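**Student:** Fold the following, please.
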Amino acid sequence: METSTPSAGRIRFQPGMAPDRPLRIIQVFNRYLLPGGEEKSVHRIAEDLSAGGHQVIRFWKASEEWKGPAAPPRWRQPFLLWNNRKVLDELEELQRTHKADLWLLHNIVPVVSLGIFRRASRLNVPIIQWLHNYRPLSPGGALFAGTRQLQPDDPLIL
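**Tutor:** Numbers count the residues shown, from 1 in each chain. Down below sits the predicted model:
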């Protein structure tokens, strides 16, 4: 598979192989009000990519930005969740400055917004969406392997 971006040049990928040069990656993450395991994972992913020779530029926003007197009005926040132009314009400026090869998305709501997908498409920037805590059906919040409930230190959990 080959991908290209007009600003960063051509990158050659083959299944199971590394790119032919280090990548410039903008890591996009909307922090939760309280830090937790996902935030630690996002840090670790950035560190691992950097240790592998890639340049990771962090574009992090925080849900905290939507609290207090400087926050957008509460009636406007549901609309911004779909397309927060101000934040996406900041990201686009970062893209112009760093000419990233791809955006690595983690949690993008509420502040960054779902409009990031359209913006990436318009800029011809490939995205990787990392799904944390993805459970298609887990009413009790427990993770099972067969009939056995897994524990946090279980070797089956990667």
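**Student:** give me the beta-bridge partners of the spatially most central residue of the chain?
**Tutor:** Nearest to the mean C-alpha position of the chain, by CA atoms, centre = their mean, lies residue 105 at 1.7 Å. Residue 105 has these beta-bridge partners by DSSP bridges: residue 28, residue 129.
**Student:** Verify the stated contact: it with residue 129.
**Tutor:** Yes. The pair residue 105 and residue 129 qualifies as a contact (CB atoms under 8 Å) at a distance of 4.8 Å. C-betas here are computed from N, CA, C, even on glycine.
**Student:** Could you report the separation of the residue nearest to the centre of the chain from residue 84?
**Tutor:** Relative to residue 84, residue 105 is positioned 14 Å away (CB to CB, to the nearest Å).
**Student:** now swap in residue 25 and tell me
**Tutor:** 21 Å.
**Student:** and what of residue 55?
**Tutor:** Relative to residue 84, and taking CB to CB, residue 55 is found at 25 Å.
**Student:** So for those two, which residue has more residues nearby?
**Tutor:** residue 84 (25 against 14; other CB atoms under 10 Å).
**Student:** which one is the more buried one nearest to, not counting chain neighbours?
**Tutor:** residue 113 (3.8 Å; CB to CB, 6 or more residues apart in numbering).
**Student:** Show the pLDDT at the one you found.
**Tutor:** The model reports residue 113 with a pLDDT of 96.
**Student:** Residue 85 too?
**Tutor:** pLDDT, read off for residue 85, is 98.
**Student:** how many other residues sit next to the residue lying closest to it once chain neighbours are set aside?
**Tutor:** Nearest non-adjacent residue to residue 85, counting by CB to CB, 6+ apart: residue 115, 7.4 Å away. A total of 18 residues lie near residue 115 under the criterion other CB under 10 Å.
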